[in-house]
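>>> here are the coordinates; sequence isn't available:
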């Protein structure tokens, strides 16, 4: 008996606003891993202008299976090997417009392997960035009572610390290019949303962190920084405990972050606060 040949139709294209429900279903299948893009889509929908980029969809048999966010970052989402190849083809044709490729390590590594011949070399490749989560404030670390939300009138106070953190972490200043207009707008957005936190002593930020992405199911802490002259005093643990208390009470039941594997002090600090490793991210920086 000869079985009939079954043809599987596959395609990739930019999602339109009517596909918001299908896109969210894919994103919410991995709420922690996809928190960054999910938060943007929930606020902005699928309109590229409001979203700050396009959301590409990979379809098999007319069903949306995988996504890729293409904006300031290129982010493969729940991407199968076939979807990665399709996203790489589309990205190659469009040319590089992003400053980084970031996402779950396996599809991100596969995507970069396909794009590197035309997009490389990268300024930096960070293949192993542990994704960490927690659902509670630690019992044995007292949250720093001096860590608080930054007010809207304190932008001049928080910006220098944000710039120092970004430069130290990424290796380039966020003030390059457009003079920092986009970066300052993002910092202001987090401050206005009540998601920027700091400890301030004598008019100087000595610890800071932000809740960079927030959904009802998971949020992501970013920009954790201690002023160099204050390091080694335990401010990162007590400060993170304070931010965790705010995040779990006001934002979502799961708090996540990802960290460079070579940053041994930070990983140890996060483990002491109760974070555990649940996956791996990868970043390619241009």
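All right, it came through fine. Note that the coordinates shown come from a computational prediction; the quantities given were computed from them, not determined experimentally.

>>> contact partners of stretch 149-162?
With CB atoms under 8 Å, 6 or more residues apart in numbering as the test, stretch 149-162 has contacts from 174, 183-184, 187-188, 191-192, 194, 196-198, 200, 203, 205, 208, 223, 225, 227, 246. Where you see a C-beta, it was placed from the backbone N, CA and C, and this is true even at glycine.

>>> now it: buried residues?
For stretch 149-162, burial by neighbour count (16 or more other CB atoms under 10 Å) applies to 150, 155, 158-159, 161-162.

>>> circling back: which among the contacts of stretch 149-162 count as buried?
The neighbour-count test (16+ other CB under 10 Å) marks 174, 183-184, 187, 191, 196-198, 200, 205, 208, 223, 225, 227, 246 as buried among the contacts of stretch 149-162.

>>> re the thing from before, which pair in the buried residues of stretch 149-162 spans the largest distance?
The most widely separated members of the buried residues of stretch 149-162, counting by CB to CB, are 155 and 161 (11.3 Å).

>>> for the buried residues of stretch 149-162, give me a markdown table that also has secondary structure.
What follows is the buried residues of stretch 149-162, written out as a markdown table (DSSP: H, G, I helix; E, B strand; the rest coil):
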| residue | secondary structure |
| --- | --- |
| 150 | coil |
| 155 | helix |
| 158 | helix |
| 159 | helix |
| 161 | helix |
| 162 | helix |
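
>>> and which of these is nearest residue 239?
Comparing the buried residues of stretch 149-162 against residue 239 with CB to CB picks out residue 161 as the nearest, at 12.3 Å.

>>> which strand or helix spans residue 133?
According to DSSP states H and E, residue 133 maps onto strand 124-134.

>>> enumerate every residue touching the residue positioned nearest the centre of the chain.
Nearest to the geometric centre of the chain sits residue 36, at 4.8 Å (CA atoms, centre = their mean). Contacts of residue 36 were listed using CB under 8 Å, 6+ apart, and they are 75, 212-213, 220.

>>> mind listing the helices for the stretch 101-250 of the chain?
For the stretch 101-250 of the chain, the helices defined by DSSP state H, counting those that start in this stretch cover 105-119, 155-170, 176-179, 181-192, 235-250.

>>> does anything pack onto the last one? Which helices or strands?
Pointing back at helix 235-250 there. Judged by 3 or more CB pairs under 8 Å, 6 or more residues apart in numbering; DSSP states H and E, the packing partners of helix 235-250 are strand 196-201, strand 204-214, strand 219-226, strand 255-258, helix 264-272.

>>> among these, which is nearest residue 115?
strand 255-258 (21.1 Å).

>>> how far does the closest one sit from its chain's centre?
From the chain centre to the centre of strand 255-258 is a distance of 9 Å (CA atoms, centre = their mean, to the nearest Å).

>>> strands paired with it, and their directions?
Using DSSP bridges, strand 255-258 pairs in its sheet with strand 124-134 (antiparallel), strand 219-226 (parallel).

>>> ok, residues contacting the first one?
Spelled out, it's strand 124-134. For strand 124-134, the surrounding residues in contact (CB under 8 Å, 6+ apart) are 32-33, 105, 109, 112, 171, 218, 244, 254-261, 267, 270-271, 273-285.

>>> now list the buried members of those residues.
Neighbour counting with 16+ other CB under 10 Å marks 32-33, 105, 109, 112, 218, 244, 254-259, 267, 270, 273-275, 279-284 as buried within the contacts of strand 124-134.

>>> okay then, goodbye and thanks.
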